[in-house]
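**Student:** what's the 3D shape of this:
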Amino acid sequence: MLEIGRINTLKVAHLDEKGAWLQAQPQRILLPQREVPSGAKPGDALEVFVCLDSTGTLAATLRPPMAQVGEFALFKVRQVTQHGAFLAWGFEKDLLVPFSEQPDRMK
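**Tutor:** Below you'll find the model as predicted:
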């Protein structure tokens, strides 16, 4: 069963110019081309971190997170905006924590 926000072992369904499409019943998740290991082929099992991208679409990465769902970690606040606090969590895009999810305002 797919666990969003955690590391999953998924098989490569097929490869194309966008990257490797990983089988996660009933859908497939894209591992971007820049992260596909050389020599990867359909049927290979990869350990990937599965999360939602900025559009709400499932995405996969080989980079391990600083923490997974259910774990605790201390992240640096990079920026506070009208939408909430953006935290550095080891990925290209910072993690948004809306004000409604902050017991005490982050700074």
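
**Student:** ok, now which ones touch the residue nearest the centre of the chain?
**Tutor:** By C-alpha atoms, centre = their mean, the mean C-alpha position of the chain lies nearest to residue 51, the distance being 3.4 Å. By C-beta atoms under 8 Å, 6 or more residues apart in numbering, residue 51 lies in contact with 4, 5, 58, 59, 61, 65. (C-beta placed from N, C-alpha, C; glycine too.)

**Student:** what residues does stretch 9-18 touch?
**Tutor:** With C-beta under 8 Å, 6+ apart, stretch 9-18 has contacts from 2, 20-24, 28-30, 32-33, 36, 40-48, 50, 60.

**Student:** pull out the buried residues from those.
**Tutor:** 20-24, 28-30, 36, 46, 48, 50, 60 (16 or more other C-beta atoms under 10 Å).

**Student:** for the top strand by length along the chain, which positions count as buried?
**Tutor:** For the chain, the strand with the greatest residue count under DSSP state E is strand 7-16. The neighbour-count check on strand 7-16 (16+ other C-beta under 10 Å) flags 8, 10, 12, 15 as buried.

**Student:** and the two most separated of those residues?
**Tutor:** 8 and 15 (18.5 Å; C-beta to C-beta).

**Student:** now residue 33: phi and psi?
**Tutor:** Here is the backbone geometry of residue 33 (degrees, to the nearest 10): phi -50, psi -40.

**Student:** surely it meets residue 19?
**Tutor:** Yes: look at residue 33 against residue 19 with C-beta atoms under 8 Å: they come within range, at 4.1 Å.

**Student:** and residue 41, what does it touch?
**Tutor:** 12, 15.
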